[in-house]
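A.B. asks: 3D, please:
(one chain, ligands or ions: 1)
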Amino acid sequence: MVAYNENRYFWTINKHPMILLIGASGLLGSSIGQTLQEKKIPFVAAGRNENKLLKAYKNPPPFRALDLFKPTNLETALDGIDKIIVSTHALFGTGKTDSSKLDRDGIIALINYAKTKNIANFILVSVHGAANKHPVDFYENKFFSETALVNSGIPYTILQPTAFMELHIGELFGKRLILKGKAKILGKGESVNNYVSVKDLADVIAHLILDKPKNQRIEIGGPDNMSKKQIANIYAKHLLIEPKISYIPITILKLMSNLLYPFHKGISRVIKMTIHNDSYSNAMHNLQLFEKYSIQPMSTEKFIELHIKSVRKVI
Ligand SMILES: NC(=O)c1ccc[n+]([C@@H]2O[C@H](COP(=O)([O-])OP(=O)(O)OC[C@H]3O[C@@H](n4cnc5c(N)ncnc54)[C@H](OP(=O)(O)O)[C@@H]3O)[C@@H](O)[C@H]2O)c1
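C.D. replies: Below is the predicted model of the structure:
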């Protein structure tokens, strides 16, 4: 039983573990929040920007201010909290908001504070490929925060998802194909990557937060591995078009990344990440959590069919 007061800041809970969702306004975070609401699992949202949260929910959850770039209010944010879900990143960040300040230092500060509390379940959303000495600093920052959680003694699950379909297939690639019949491929578009739907991930996380954590680091992705060229072909098949595809060569991307580095480390980093993903296969197959919770993960083709319908309906 949960009761919120009028301004949504206070609540009373009877025998329900209190969940804190950090990053509740983001692409994945809002999907996690909405899934928790559908399942009537109470939670509190924490983040920097309450307005963003209000826009992301029909019925916005209670909110606590927390900026992981300067984690000074951890005490109030974690007051009475039993379980934590973290779905944040600063991939595009630069200077004071650099990835290292959130994805490494901010999360490590959160974990260090959480160690002093009696946290029963800590779910950290990391990234597929997080590794020490990775050529892209973002993956290394994620690796350091993962390591801090593993060594913390807090019961945890670390999820390492592949790229999100909604963003990397839909918004950044397919939308232009639907609206203009055109697509831009950064690199050759031949290396194979894995994509997963945020809806499916949110569903898994809503199960994991109720389960006893097994202290695991788990890679998670969708059922298909595909190149950008293959994805363009699926759109073309469903749109009945001959798509116009242009390419930005790797040499130009490398030049852009290097030139931008002194001015905006975040954009330089994202270009470097694109080069990396175009040069190496990120194929993977691990449906263990979907199978465990009887979730049928979205296939790439199904996602594209639905995406075309939703964009056309909006027009
Ligand atoms: N996008 C992908 O394809 C992808 C693939 C694999 C893994 N992931 C991982 O999945 C997670 C979620 O990604 P996403 O794409 O859903 O991110 P997103 O849409 O950019 O959302 C990020 C969230 O983090 C919050 N945030 C940012 N800086 C913060 C700070 N200093 N303090 C507190 N909260 C902060 C943002 O809220 P405010 O801006 O209001 O603070 C927002 O709610 C991340 O761990 C990411 O690395 C993403």
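
A.B. asks: Quick check: residues of the stretch 151-300 of the chain near the ligand?
C.D. replies: Proximity of the stretch 151-300 of the chain to the ligand (CB under 6 Å from any ligand atom) is limited to residues 161, 163-164, 167-168. C-beta coordinates here come from the backbone N, C-alpha and C atoms, glycine included.

A.B. asks: can you pick the most crowded of these?
C.D. replies: Counting neighbours by other CB atoms under 10 Å, P161 comes out on top of these with 24 neighbours.

A.B. asks: does that one really touch G221, like I thought?
C.D. replies: Yes. Look at P161 against G221 with CB atoms under 8 Å: they come within range, at 6.8 Å.

A.B. asks: Return the residues in contact with the residue in the chain positioned nearest to the ligand.
C.D. replies: With CB to the nearest ligand atom as the measure, G26 is the residue of the chain nearest to the ligand, at 2.1 Å. When contacts are counted by CB atoms under 8 Å, 6 or more residues apart in numbering, G26 touches 87-88.

A.B. asks: which residues in the stretch 151-300 of the chain form strands?
C.D. replies: 156-161, 163-164, 182-186, 193-196, 216-220, 225-226, 244-248 (DSSP state E, counting those that start in this stretch).

A.B. asks: for the last one, packing partners?
C.D. replies: Helices and strands touching strand 244-248, by 3 or more CB pairs under 8 Å, 6 or more residues apart in numbering; DSSP states H and E, are strand 182-186.

A.B. asks: I'd say P243 and L177 touch.
C.D. replies: Yes. Shown here, P243 and L177 form a contact pair, counting by CB under 8 Å, at 5.6 Å.

A.B. asks: Mutual contacts of those two, please.
C.D. replies: Residues touching both P243 and L177 (CB under 8 Å, 6+ apart) are 183, 232, 235-236.

A.B. asks: Among these, which are located in helices?
C.D. replies: Counted as lying in helices by DSSP state H, out of the shared contacts of P243 and L177, are 232, 235-236.

A.B. asks: What values do phi and psi take at A77?
C.D. replies: phi -60, psi -40 (degrees, to the nearest 10).

A.B. asks: and it, how far is that from K52?
C.D. replies: Relative to K52, A77 is positioned 17 Å away (CB to CB, to the nearest Å).

A.B. asks: the more surrounded of those two?
C.D. replies: For the pair A77 and K52, the greater number of neighbours falls to A77 (22 against 13), based on other CB under 10 Å.

A.B. asks: thought the more buried one was touching A45?
C.D. replies: No. Contact between A77 and A45 fails when scored by CB under 8 Å: they sit 10.3 Å apart.
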